[in-house]
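>>> Whatever this is, show me its structure:
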Amino acid sequence: MMIRLKRLKTFTSAVGLSLLLAACASSGDSPTGTPSEVQEIQSQLLGDMPLPAASKIIGSDSLIIGRGDNWVGRVVLSGVQTPTDIYAFFQAEYPKVGWTTVSAVKSKTSILVFTKGDRTSTIEVNEGSFGGPKTIIIITASPKNANVVAPTRK
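Numbering: from 1, shown residues only. Model prediction:
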């Protein structure tokens with residue numbers, strides 16, 4: 001009887017911990033607070049990369065390694081403006097903070113490529129889904145001359 005009670009207690013604790021972790025994981029999206037507080041947190045994460053007004057990080061789809069002006073990875077954002085307006089935002093605002101446009105393609109899936117110093121940033125702008133965000137923005141940041149090694153066959 002004592003062993004069953006211990007097992008039940010352990011099982012209950014494990015389920016409770018799992019539920020707590022799941023709740024934390026599901027709240028991994030953009031920080032909450034006033035628009036200026038959210039903007040401040042996002043700029044601490046993404047440094048010198050301005051974001052369209054009211055855009056929010058989708059934490060479950062993003063991978064940000066580091067922070068500030070040296071982060072690498074991929075950040076996925078939901079935008080409230082149209083894809084055309086967001087494309088125009090990046091095309092106008094990134095050069096203002098020192099990013100140089102390498103390539104810009106406006107289409108159903110628009111892609112902009114920028115460089116600044118030893119960094120490259122690729123921005124993909126897609127139309128959102130019905131009932132979801134108006135626009136999905138994917139920003140990928142990496143060192144400009146990252147060593148990419150092809151896998152070898154054994």
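
>>> so which strand or helix has the spatially most central residue of the chain?
Nearest to the geometric centre of the chain sits V75, at 1.8 Å (Cα atoms, centre = their mean). Take DSSP states H and E as the rule and V75 turns out to sit in strand 72-79.

>>> which helices and strands does that strand pack with?
Under the contact criterion of 3 or more Cβ pairs under 8 Å, 6 or more residues apart in numbering; DSSP states H and E, strand 72-79 touches strand 56-57, strand 63-65, strand 135-143. C-beta coordinates here come from the backbone N, C-alpha and C atoms, glycine included.

>>> ok, back up a step: residues contacting the residue nearest to the centre of the chain?
L45, L46, I57, S62, L63, I64, I138, I139, A141 (Cβ atoms under 8 Å, 6 or more residues apart in numbering).

>>> Now the two most distant members of these.
Pairwise distances across those (Cβ to Cβ) peak at 15.2 Å, for the pair L45 and I138.

>>> re the thing from before, buried stuff in the strand holding V75?
Of the residues in strand 72-79, those buried by neighbour count under the rule 16 or more other Cβ atoms under 10 Å are R74, V75, V76, L77, S78, G79.

>>> returning to that earlier point: per-residue pLDDT, the residue nearest to the centre of the chain?
The model reports V75 with a pLDDT of 93.

>>> who's it bridged to?
Beta-bridge pairing of V75 under DSSP bridges involves I139.

>>> Can you tell me how far it is from I111?
As judged by Cβ to Cβ, to the nearest Å, V75 and I111 stand 15 Å apart.

>>> The helices and strands packed on strand 72-79 into a markdown table, with extra columns for distance to T122, mean neighbour count and mean pLDDT?
Shown next, in a markdown table, are the helices and strands packed on strand 72-79 (distance: least, Cβ to Cβ, whole Å; neighbours: other Cβ atoms under 10 Å; pLDDT from 0 to 100):
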| stretch | distance to T122 | mean neighbour count | mean pLDDT |
| --- | --- | --- | --- |
| strand 56-57 | 17 | 21 | 90 |
| strand 63-65 | 14 | 12 | 90 |
| strand 135-143 | 5 | 20 | 94 |
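
>>> Dump those strands to JSON lines, plus distance to P50.
JSON lines is the format used below for the helices and strands packed on strand 72-79 (distance: least, Cβ to Cβ, whole Å):
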{"stretch": "strand 56-57", "distance to P50": "14"}
{"stretch": "strand 63-65", "distance to P50": "16"}
{"stretch": "strand 135-143", "distance to P50": "11"}
